[in-house]
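Enquirer: I'd like to go over a predicted model; first the sequence, then the structure.
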2 protein chains.
Amino acid sequence: MGLTKSEIFTVQQNKISLLAKAFAHPARVAILQHLFNIDTCVCGDLVNEIGLAQPTISQHLKELKQLGLIQGNIEGTSVCYCINKENWTNMKETLSPFLNQDLSKKVTCC
Amino acid sequence: MGLTKSEIFTVQQNKISLLAKAFAHPARVAILQHLFNIDTCVCGDLVNEIGLAQPTISQHLKELKQLGLIQGNIEGTSVCYCINKENWTNMKETLSPFLNQDLSKKVTCC
DNA sequence: CATATTAATCGTAATATTGCAATGAACAAA
DNA sequence: TTTGTTCATTGCAATATTACGATTAATATG
């Protein structure tokens, strides 16, 4: 086994879990925070910033790019990464109904 | 390898990634949604509701319980699960600064 | 052209996660 | 006590993820 049974869940449930997976590793959280903190796009200083090897960072960047949360273009010898604003907003709109489910009616009965 | 290097990241980054991991599987998303949707606590109908075997559901419940997002008490032969309101609120407060980082200053420069 | 720089990709090893059959523990009911 | 019900735990197999050395590809620079 070890294979998630995506087909028995709704599209929304799968979407939420895929987006959450992006944040489910501290390196990816750190990468995204760094992309938010710097003024310009990042051009390769992520490897120095975070203490992981270059192929590892590259792999995390690839995952974030595949999800659309970041984007990157080739800029001479280096690649320029930045947050994809539109998709970041869409991500929040997908997660929001789930995270902000109504707690007021809930009774802590156990 | 295959071992996340938690020690090189901040406490906050690790905290965010651990919480995100709770939502990084559609079964756990479905379980939490179900606990929100029903009026009372759930007493074992999760296995019927979601199409996974009982040990699998039990395992996902255990992870959610360890994170504090749900709580459960023994109630006769069955166990009663519900959302832990306080910890759910805390979780949102932990994720919020990360998810709601300021996009307005960002320029999509690549 | 030769060399340096930067980042992606490949290959591989180690650990983590997912899923379930089998079993066990606790309790209720006959 | 015996049986049935419900859920946790164990043990195991399969897949996924994480990490990095080695290599490759692309482009600067001398």
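Expert: Nice, thanks for sending it over. Residues are numbered from 1 along each chain as shown, chains lettered A, B, ... in the order given.
Enquirer: which residues touch the residue of chain A found nearest DNA strand C?
Expert: Closest to DNA strand C within chain A is residue A:44: 2.1 Å, counting by C-beta to the nearest atom of the strand. Every C-beta, even on glycine, is put in place using the N, C-alpha and C of the backbone. Going by C-beta atoms under 8 Å, 6 or more residues apart in numbering or on different chains, residue A:44 touches A:78-79.
Enquirer: State the pLDDT value of it.
Expert: On pLDDT, residue A:44 comes in at 74.
Enquirer: Contacts for stretch A:62-72, please.
Expert: A:18-19, A:22, A:28, A:31-32, A:35, A:41, A:61, A:79-84, A:87-88, A:91, B:108, B:110.
Enquirer: One more pass at 7 Å, please.
Expert: If you take C-beta atoms under 7 Å, 6 or more residues apart in numbering or on different chains as the criterion, stretch A:62-72 is touched by A:18-19, A:22, A:28, A:31-32, A:35, A:61, A:79-84, A:87-88, A:91, B:110.
Enquirer: Okay, strands next: where are they in chain A?
Expert: Assigned by DSSP state E, chain A shows strands spanning A:70-75, A:78-83.
Enquirer: could you dump those to CSV with mean neighbour count, distance to DNA strand D and mean pLDDT?
Expert: Conversion of these to CSV gives the following (neighbours: other C-beta atoms under 10 Å in any protein chain shown; distance: least, C-beta to the nearest atom of the strand, whole Å; pLDDT from 0 to 100):
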stretch, mean neighbour count, distance to DNA strand D, mean pLDDT
strand A:70-75, 16, 7, 82
strand A:78-83, 18, 9, 88
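Enquirer: Tabulate the ones you listed (CSV), appending distance to DNA strand C.
Expert: Formatted as CSV, those follow (distance: least, C-beta to the nearest atom of the strand, whole Å):
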stretch, distance to DNA strand C
strand A:70-75, 6
strand A:78-83, 3
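Enquirer: which one of the ones you listed lies closest to residue A:104?
Expert: Within the strands of chain A, the stretch nearest residue A:104 is strand A:78-83; the backing value is 33.2 Å (C-beta to C-beta).
Enquirer: Report all helices and strands that the closest one contacts.
Expert: helix A:26-37, strand A:70-75 (3 or more C-beta pairs under 7 Å, 6 or more residues apart in numbering or on different chains; DSSP states H and E).
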